[in-house]
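Enquirer: Just the structure for this:
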Amino acid sequence: MKQKNKIIKLMALALFFILGVNMQAQEFMSVKISEIEVDCKYLEEYKKILKEESELSVKEEDGVLVLYALSHKDNPCKFSIIESYKDEKSYQKHIESEHFKRYKQGTLHMVKSLKFIPLEALSPNMRLNKEF
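Expert: Predicted coordinates:
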């Protein structure tokens, strides 16, 4: 389990490198990973709702830098969501958004477990800009 958490944290760090997210401490204050397991009978419905919510968050909220939803290859009913926000205020705005509330209320009966992991950048002054 500890190895799995290390892998997820390394994935999050790699994602920040790849996407060129500015990790300056004063601008980048809120990083989280959500680990979610859903009841498999709701799998397709949950994936649809999660996809809609994550896409809307990134598209409509300036403070949402990354909201990357991943399903586990070894168990498709488990998900990890890597989230980063410009600052804590942006995170609070996100959880008050109508689309997040719709996601949360619409999936409550589907979720078997939820673990929320706040993270801290190891090198907060790191910055990588790449164009793809």
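Enquirer: right, and the helix or strand after the helix or strand of the chain with the lowest mean pLDDT?
Expert: Across the helices and strands of the chain, mean pLDDT, DSSP states H and E gives its lowest value to helix 2-19, namely a mean of 58. Reading on from helix 2-19 to the C-terminus, the next helix or strand found by DSSP states H and E is strand 30-38.
Enquirer: other SSEs contacting that following strand?
Expert: helix 2-19, strand 78-85, helix 88-95, strand 111-119 (3 or more CB pairs under 8 Å, 6 or more residues apart in numbering; DSSP states H and E). The C-beta positions use only the backbone N, C-alpha and C, and glycine is treated the same way.
Enquirer: Looks like Lys47 contacts Cys77 (just checking).
Expert: No - using CB atoms under 8 Å as the test, Lys47 is too far from Cys77 to be in contact (9.9 Å).
Enquirer: which residues are common contacts for these two?
Expert: The contact sets of Lys47 and Cys77 do not overlap (CB atoms under 8 Å, 6 or more residues apart in numbering).
Enquirer: Pass me the low-pLDDT residue ranges in this structure, would you?
Expert: Filtered on pLDDT under 70, the chain yields the residue ranges 1-29, 121, 123-132.
Enquirer: Show me the contact partners of stretch 71-80.
Expert: 8, 11, 33-40, 43, 47, 50, 69-70.
Enquirer: Try it again at 10 Å.
Expert: Under the criterion CB atoms under 10 Å, 6 or more residues apart in numbering, residues 4, 7-8, 11-12, 33-43, 46-47, 50, 68-70, 110-115, 117 lie in contact with stretch 71-80.
Enquirer: Can you select the buried ones among those residues for me in ChimeraX?
Expert: Here is the ChimeraX command that selects only those of these that count as buried (16 or more other CB atoms under 10 Å):
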select :8,12,33,35,36,37,38,42,46,47,50,68,69,110
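Enquirer: wait, Glu83 sits on Val31?
Expert: Yes - counting by CB atoms under 10 Å, Glu83 does reach Val31; the two are 7.1 Å apart.
Enquirer: intersection of neighbour lists for the two?
Expert: Applying CB under 10 Å, 6+ apart, one finds that Glu83 and Val31 are jointly contacted by Ala12, Leu65, Val66, Tyr91, Pro118, Leu119.
Enquirer: Good, we can wrap up now.
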